[in-house]
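**Q** No letters, just coordinates:
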């Protein structure tokens, strides 16, 4: 089994690490919080406090990567808004973090990189999106993710697979809780493009198990009711105030296809989770 380093043991990285350990892998996991080091250790993860900045990274980055063959990068850009909302300097921060990390990957034993990205790299002007669709991000985070993808993919010192997830949901995380009772919500007819935490973990497992490197995968459950249908139903099931949609503000029809994940990885989504 492989030794794997996971940069970012958060909402997705922590359960992923636990599953990989269960499968016999040795896992180095990073966190930016000292308080979480004990959580990682208790889970059987080799814990590292790693803080990645635009111009520097923690001194222990070499130890974090040491002897690992695979690096999973699961750190979000944490940016919001469009170009007008951010200064030129702040727009580059996430990309610069990845650029700062690159030399340390090159100097390590890492041969494979899995970069957790997002379907936000695709614009809303496409109705049917596959991996062959040309990305056209509209949000700042989507733009930075796309640039980071390119930096990793063009590096010949390691093989990179890009995994673009849709909206993330889980037992403790569901957007209906934020939409409940809201008024004037846009795009009621837009299809939902969601993926459950369990399926995220299982897809990453399969990429590793089947050695699917130098690939790009979109990962969204093949379940696309409209936003109004889906969130109204979920609000009723959870006894929440119903969200109210504005049908005059409905222009997004983007549906993300996961056909490649299903065919190339022989993967079946757990649709009862949605």
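**A** Perfect, I can see it now. Here the structure is a predicted model, which is why all the values come from computation and not from measurement.
**Q** What strands line up against the helix or strand hosting residue 30, and which way round?
**A** Assessed by DSSP states H and E, residue 30 sits inside strand 26-31. In the sheet, strand 26-31 lines up against strand 3-7 (parallel), strand 46-49 (parallel) (DSSP bridges).
**Q** any idea which of those strands is most buried?
**A** Stretch with highest mean neighbour count among these: strand 3-7 (a mean of 25; mean count of other C-beta atoms under 10 Å). To be clear about C-beta, it is placed using only N, CA and C from the backbone, and glycine gets the same treatment.
**Q** contacts for it?
**A** Strand 3-7 is contacted from outside by 13, 16-17, 20, 25-30, 45, 50, 52, 64-65, 67-75, 101, 110, 208, using C-beta atoms under 8 Å, 6 or more residues apart in numbering.
**Q** sorry, back to before: could you take the strands paired with strand 26-31 and lay them out as a markdown table, with extra columns for mean pLDDT and distance to residue 188?
**A** What follows is the strands paired with strand 26-31, written out as a markdown table (pLDDT from 0 to 100; distance: least, C-beta to C-beta, whole Å):
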| stretch | mean pLDDT | distance to residue 188 |
| --- | --- | --- |
| strand 3-7 | 98 | 38 |
| strand 46-49 | 98 | 44 |
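**Q** wait, which of the ones you listed is closest to residue 267?
**A** Checking those against residue 267 by C-beta to C-beta gives strand 3-7 as the closest, at 19.8 Å.
**Q** for the strands paired with strand 26-31, which one sits closest to residue 221?
**A** It's strand 3-7; of those, that one is closest to residue 221 (C-beta to C-beta) at 23.3 Å.
**Q** still on that earlier bit, nearest to residue 216, of the strands paired with strand 26-31?
**A** Of all these, it is strand 3-7 that lies closest to residue 216, at 19.5 Å by C-beta to C-beta.
**Q** thinking again about what came up before, type out the ChimeraX command that picks the buried ones from the contacts of strand 3-7.
**A** Buried members of these, defined by 16 or more other C-beta atoms under 10 Å, are picked up in ChimeraX with:
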select :13,16,17,20,25,26,27,28,29,30,45,50,52,64,65,68,69,70,71,72,73,74,75,101,110,208
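**Q** how would you label the closest residue to residue 47 other than its chain neighbours: helix, strand or coil?
**A** Leaving out its chain neighbours, the residue that sits closest to residue 47 by C-beta to C-beta, 6 or more residues apart in numbering is residue 40, at 3.8 Å. Assigned with DSSP: H, G, I helix; E, B strand; the rest coil, residue 40 falls in the helix class.
**Q** and residue 148, that one's in a helix?
**A** Yes: Residue 148 forms part of a helix when assessed by three-state DSSP.
**Q** and it, what is it in contact with?
**A** For residue 148, the contact set (C-beta under 8 Å, 6+ apart) comprises 94-95, 98, 115, 117.
**Q** related to what we said a few turns ago, wouldn't the residue nearest to residue 47 be in contact with residue 9 here?
**A** Yes: if you go by C-beta atoms under 8 Å, residue 40 and residue 9 touch, sitting 5.8 Å apart.
**Q** In which helix or strand does residue 135 reside?
**A** Residue 135 is part of no helix or strand when elements are defined by DSSP H and E.
**Q** and the residue nearest to it when sequence neighbours are not counted, how many residues sit next to it?
**A** Nearest non-adjacent residue to residue 135, counting by C-beta to C-beta, 6+ apart: residue 121, 4.2 Å away. Neighbour count for residue 121, taken as other C-beta atoms under 10 Å: 27.
**Q** one step back: the more surrounded of residue 40 and residue 9?
**A** residue 9 (30 against 25).
**Q** follow-up on the earlier one: from the chain's centre, how far out does the strand holding residue 30 sit?
**A** Using C-alpha atoms, centre = their mean, to the nearest Å, the distance from the centre of strand 26-31 to the centre of the chain it belongs to is 17 Å.
**Q** and if you look at stretch 68-77?
**A** When C-alpha coordinates are averaged (C-alpha atoms, centre = their mean), stretch 68-77 and its chain have centres 10 Å apart.
**Q** Now that stretch: average pLDDT?
**A** Averaging pLDDT along stretch 68-77 yields 96.
**Q** Helices along the stretch 51-200 of the chain, start to end?
**A** For the stretch 51-200 of the chain, the helices defined by DSSP state H, counting those that start in this stretch cover 61-65, 88-91, 93-106, 140-153, 176-179, 197-209.
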